[in-house]
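> after the sequence you'll find the predicted model.
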Amino acid sequence: MTNRLFYADNLDALRAHVADASVDLVYLDPPFNSNANYNILFKSPGGHAADSQIQAFEDSWHWNNAAEDAFEQVMRAGAPRAFDLLRAMRTFLGENDMMAYLAMMAIRLIELHRVLKPTGSLYLHCDPTASHYLKLLLDGVFGTDAYRSEISWKRSSAHNDAKQGRRQYGNVRDTLFFYTRSKSWTWNWLHTGYEPEYVESAYRHLEADGRRYRRGDLTAAKPGGDVSYLWPVKRPAGGEWEADLDEEHLSPRPGRDYRQVPPYNRRFWAYSREKMRRFAKEGRLAYTASGMPEYKRYLDEMPGVPLQNAWHDIPPAVGGESLGYPTQKPIALLERIIAVSSNEGDVVLDPFCGCGTAILAAEKLGRQWIGIDVTHLAISLIERRMKDAFPRAKFSVEGTPKDLASALDLARRDKYQFQWWAVAMVDGVPLDGKKKGADGGVDGIIYFRPDGKRTEKALISVKGGQSVGVNMIRDLHSAMERERAPIGVFVSAAEPTAPMLREAAAVGRFTDEFERSWPRLQILTLAALFRGKRPAIPFVDPLVALRRARREESARQESLL
């Protein structure tokens, strides 16, 4: 099955799991090197004090051993033009943060070029921070003749920063660079609607039923075929001009007026006699005051304006669409890109998939897809979002721990990614990111509704080491008392000691209005989680702290074209 979600460095996943020339469309929205930290805001349900923010990713790079290694990988990648360009950039920029970012991007663009089919396309989404350098890199990797367009997307309304002392133009747009693998690429025209002012001006004529039309010329500058004939029309006294269709061969006869394209303007009829007769019978002809026929072009038959490279008609992801994820893009933006540059059944790849908007758009439009992200927070969010939007969707998640050994390996390699994974395993949301000390050992929250209405919270503490003790249980109990949380969940890689089990039991039980009870402090091992055991908590709602992704219905390609 192609629909796969990878928790991995995209460079590793591309090399290990994506074959040469196997992808039809790549969309990437990489970090912009803005030197900012982007947080997800988890909303606290009513009755709870503070919202929780957790850092989704750090959008900054520094020249270090990893950057030097990326630079050397480009040198060894067999892409001499790309390396010559990157080396020139290093001479110009020096070994600074921007150069580290560009080295990271260059080796990944080389891999993305490798996986694209000959008919494939790539869209790189960026802002002005590094767009000029990224376009040069794309030229180096794909070739200057592979450039197709620079699309401007208006992502926000005008900023009113003048009162705050801003002394430059407001930035309200992002850029999408469109490149193709070859000179023969997949393309489906999309059309946008006409501006109201244009409709009022150009389609100002109305039929009796209100149907709008404009009148078009029926003549041409060059003769072709049977175009020099006379066109018979008659005009009843005081009436309108109309076609005289009584004559079988359209020849002149007494009592009739005939219109011929005046020879002095060197124009000719653009249509044959047969087509002109058909237009007249279908009521598609209108006449000037002099009796010259014109063609009626109805507004409702027009496809609209062919899509241009300035996209001002797609608003940002706000309201019910927004999930609170930083840099989230609207699904309409991705639907447009996917509809134009791929066909149903094609493979769409997003190597920086974030909260998964490209993945959802691909699923909605009947494409296969591959998504990659380096944070487990993003992967768990996409899993929940997909299940919410497409309950019957089938996909695999790869790279996340599937057994105790891989979970322990993740805990050794990255403490915080391990904590986020463990919190997601028990249907919780992470708490406070990488703050030290302020959380009192609490790593996440499970929201639940004991009576189906009132929201309560269970605190989660995750320990990935092999050394655990009773003090950890006491710390979690103290946090429960401080936060007035009726339940606590202690997730441990190691087996709990007997004193830990006694201390947890001494905390007592939580009893609801229906006299049902649950242990207040519960200890779960990773081994138990892999066996399918979960916390004993009533009416857990894993999405209560995130905006629920709206249910999506699959859309046929024809509905967008």
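Great, that's in hand.

> below-threshold pLDDT in the chain: ranges please.
By pLDDT under 70, the weakly predicted segments of the chain are 1, 33-60, 158-164, 223-229, 246-258, 260-266, 432-440, 452, 540-561.

> just the buried residues of stretch 514-529, please?
By neighbour count on 16 or more other Cβ atoms under 10 Å, the buried set for stretch 514-529 is 518-526, 529. Just so you know, the C-beta spots here come from the backbone N, C-alpha and C atoms, and that holds for glycine as well.

> in CSV, list the C-alpha atoms belonging to that stretch.
In CSV, the C-alpha atoms belonging to stretch 514-529 read as follows (Å, rounded to 0.1, in the frame of the first residue of the first chain):
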residue,chain,number,x,y,z
PHE,A,514,-22.9,6.5,39.2
GLU,A,515,-20.8,4.9,41.9
ARG,A,516,-18.3,3.5,39.3
SER,A,517,-14.7,3.7,40.5
TRP,A,518,-11.2,3.6,39.0
PRO,A,519,-7.8,3.7,40.6
ARG,A,520,-6.6,7.3,41.0
LEU,A,521,-3.0,6.6,40.3
GLN,A,522,-2.3,3.9,37.6
ILE,A,523,1.0,2.5,36.6
LEU,A,524,1.4,1.2,33.0
THR,A,525,4.5,-0.4,31.6
LEU,A,526,5.6,-0.1,27.9
ALA,A,527,5.3,-3.9,27.7
ALA,A,528,1.6,-3.6,28.8
LEU,A,529,0.9,-0.9,26.3
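
> give me the contacts around it.
With contacts defined as Cβ atoms under 8 Å, 6 or more residues apart in numbering, stretch 514-529 is touched by 404, 407-408, 422, 425-426, 451, 473, 476-477, 480, 486-496, 500-501, 503-505, 507-511, 533-538.

> ok, 6 Å please
For stretch 514-529, contacts defined as Cβ atoms under 6 Å, 6 or more residues apart in numbering pick out 404, 407, 425, 487-493, 496, 504, 507-511, 535-536.

> and stretch 391-408, by the same measure?
With Cβ under 6 Å, 6+ apart as the test, stretch 391-408 has contacts from 3-8, 363, 386, 410, 493, 526-527.

> before we move on, the earlier item: identify those among the buried residues of stretch 514-529 that sit within strands.
Among the buried residues of stretch 514-529, the members found in strands (DSSP state E) are 518-519, 521-525.

> where does residue 477 fall, secondary structure wise?
Element membership for residue 477, per DSSP states H and E: helix 470-483.

> who are the packing partners of the helix or strand just after that helix?
Proceeding N to C from helix 470-483, the next assigned helix or strand is strand 487-492, under DSSP H and E. Counting contacts by 3 or more Cβ pairs under 6 Å, 6 or more residues apart in numbering; DSSP states H and E, strand 487-492 is packed against strand 456-463, helix 470-483, strand 521-525.

> after strand 487-492 comes which helix or strand?
Heading C-terminal from strand 487-492 (DSSP H and E), you reach helix 498-506.

> returning to that earlier point: show only the entries of the contacts of stretch 391-408 found in strands.
4-7.

> so for whatever helix or strand residue 397 lives in, what gets flagged as buried?
Under the criterion of DSSP H and E, residue 397 resides in strand 396-398. For strand 396-398, burial by neighbour count (16+ other Cβ under 10 Å) applies to 397-398.

> next: stretch 462-476.
For stretch 462-476, by 16+ other Cβ under 10 Å, it's 462-464, 468, 470, 472-473, 475-476.

> farthest pair within those?
Spatially, the most separated pair among those is 464 and 470, at 18.1 Å (Cβ to Cβ).

> got the contacts of stretch 391-408 as CSV, with distance to residue 218 columns?
Converted to CSV, those look like this (distance: Cβ to Cβ, whole Å):
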residue, distance to residue 218
3, 52
4, 56
5, 57
6, 59
7, 63
8, 62
363, 48
386, 54
410, 72
493, 81
526, 78
527, 81
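
> which among those residues count as buried?
Applying 16+ other Cβ under 10 Å to the contacts of stretch 391-408 flags 3-8, 363, 386, 410, 493, 526 as buried.

> need the max-distance pair from the residues you listed.
363 and 493 (34.6 Å).

> what about the helices in the stretch 51-200 of the chain?
65-76, 80-93, 97-115, 131-142, 196-202 (DSSP state H, counting those that start in this stretch).

> all set now, cheers.
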